[in-house]
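Student: build the 3D model from these lines:
(one chain, ligands or ions: 1)
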Amino acid sequence: MKAVRIHEHGDFDALVVEEIPTPEPSPGEVRVKVAWAALNHLDTWVRRGVPGHEFPLPLIPGCDFSGTVDVVGPEAGKFEVGDRVCIAPGFGCGRCQSCSSGRQNLCRRYGIYGETVDGGNAEFAVVNEENLIPVPDDFPLDIAAAFPLTYLTAWHMVVDRCEVKSGDRVLVHAAGSGVSVAAAQIARMWGAEVMVTAGTDSKVAQGCENGAEFGVNYLTEDWVKAGKRWTEGKGFDIIVDHVGIDTLPKGIWALAKGGRIVTCGVTSGAEMKIHFAPIFFKSLSILGSTMGGHGEQLEVAKHVFAGRLKPVVAHRFPMEEVAEAHRMMSERGFFGKILLQIDSESPASE
Ligand SMILES: [Zn+2]
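Tutor: Okay, the predicted model is just below:
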């Protein structure tokens, strides 16, 4: 089969498209004929490498993907050949207390396709049967690949960690990123009001089309002041942050009493100075979040398939242009998800 593989970490040329043996499913696994895959920031980390962290190279990246069941392995039987599926990217050991209570992301042996084992940037992928999510017949496979990781991440941040409720004022940074698009839609679905920040006026406008009531270009306007005005001086109930040093220390000052700031990443830098006075004075919470549980993944899928949450596709690339797709990802001039068409015969939905 044809696959994208990383043999050594590096720049865009670290992504090698090559012929390798087609994998066979082990017990409890199925083989999926991959139709579409979506890029995530995780793919960038996998390509470039992370100091002090070892990836199992050579590795096929790709944590988000969709397709059809191709071979049902031994001891697997909940799906049939030809079933349309997308993949829940995370898996636990299946036996520990965290896994048993549906909080797989807290499992000590938590793994993600495309990071800890081979993922879906290949014509075929083998996955645990438990990780398959059935896709309704009338739902396009490209969109089915575009939501699992980011919507799970955003759902866990906004719903589980921050306990969003109707009427909350929610700030979502970096409006165009996959997690932010999902977080804004999820907060709206729960009846919250959303403000977004972005680095261009067009992304601010797209953020408002995506459901935000208000948006600020952080390069031309002070988002803390704008947020104070927008919340009538009260401050935000929730801030969704994956930017880090550029936004999080200021965000502490922009929260309302009892406010929560939740982080799932630090793209601008991890080490920062935080003033603790407002944290106790205003009873604030700083919450960390990574991925989510399988029940949350299925809940998110239900809302996506029903059209209540709508993944936004920025661009589609053929698999052979995976390096170009990663380049676009690194340049950040896009809004929503970047997709890879793995099966050239699987139609694009628009
Ligand atoms: Zn476990």
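
Student: what residues does the strand or helix carrying Ala226 touch?
Tutor: Taking DSSP states H and E as the definition, Ala226 sits inside helix 223-230. With C-beta atoms under 8 Å, 6 or more residues apart in numbering as the test, helix 223-230 has contacts from Arg169, Leu171, Met195, Thr197, Glu213, Phe214, Val216, Gly235, Phe236, Lys250, Trp253, Ala254. In short, each C-beta sits where N, CA and C put it, glycine included.

Student: okay, the second one: pLDDT?
Tutor: If I follow you right, that is Leu171. Listed pLDDT for Leu171 reads 98.

Student: list the contacts of it.
Tutor: Val194, Met195, Val196, Thr197, Trp223, Gly227, Phe236, Ile238, Ile239, Val240, Gly251, Ala254.

Student: let's go with 7 Å and repeat that
Tutor: Met195, Gly227, Phe236, Ile239, Val240 (C-beta atoms under 7 Å, 6 or more residues apart in numbering).

Student: does it sit in a helix, a strand or a coil?
Tutor: Following DSSP: H, G, I helix; E, B strand; the rest coil, Leu171 is assigned to strand.

Student: just the element for the spatially most central residue of the chain, please.
Tutor: When C-alpha atoms, centre = their mean is applied to the chain, the residue found nearest the centroid is Thr150 (1.9 Å). Thr150 is located in helix 148-155, with elements delineated by DSSP H and E.

Student: go on, His326?
Tutor: helix 322-331.

Student: note down every partner strand of the helix or strand following that helix and its orientation.
Tutor: Going down the chain from helix 322-331, the next helix or strand is strand 337-341, by DSSP H and E. Within its sheet, strand 337-341 is paired with strand 29-38 (antiparallel), strand 313-318 (parallel), according to DSSP bridges.

Student: list of residues touching stretch 340-350?
Tutor: 33-37, 39, 121, 123, 140-143, 316-319, 322, 325.

Student: next one: it to chain centre, how far?
Tutor: In terms of C-alpha atoms, centre = their mean, to the nearest Å, the centre of stretch 340-350 is set 20 Å apart from its chain centre.

Student: who's in contact with Cys208?
Tutor: Gly215.

Student: quick check: phi and psi on Val194?
Tutor: Note on Val194: backbone dihedrals following degrees, to the nearest 10 are phi -120, psi 130.

Student: for Lys78, same thing?
Tutor: Dihedral pair for Lys78: phi -90, psi -10, per degrees, to the nearest 10.

Student: now Thr220
Tutor: According to degrees, to the nearest 10, Thr220 has phi -120, psi -10.

Student: from Ile261, how far out is the residue of the chain most remote from its centre?
Tutor: Ranked by distance from the centre of the chain (C-alpha atoms, centre = their mean), the top residue is Phe281, with 33.1 Å. Per C-beta to C-beta, to the nearest Å, Phe281 is found 15 Å from Ile261.

Student: then Leu42?
Tutor: Leu42 is 22 Å from Ile261, by C-beta to C-beta.

Student: got it, and Met157?
Tutor: Counting by C-beta to C-beta, the gap from Met157 to Ile261 is 10 Å.

Student: of those two, give the one with the bigger neighbour count.
Tutor: Met157 (30 against 23; other C-beta atoms under 10 Å).

Student: which secondary structure state does the more buried one sit in?
Tutor: helix.

Student: same question, Ile239
Tutor: What three-state DSSP gives for Ile239 is strand.

Student: so what's it up against?
Tutor: So Ile239 contacts Leu171, Gly251, Ala254, Leu255, Ile261 (C-beta under 7 Å, 6+ apart).

Student: now with 6 Å?
Tutor: Neighbour list for Ile239: Leu171, Gly251, Ile261 [criterion: C-beta atoms under 6 Å, 6 or more residues apart in numbering].
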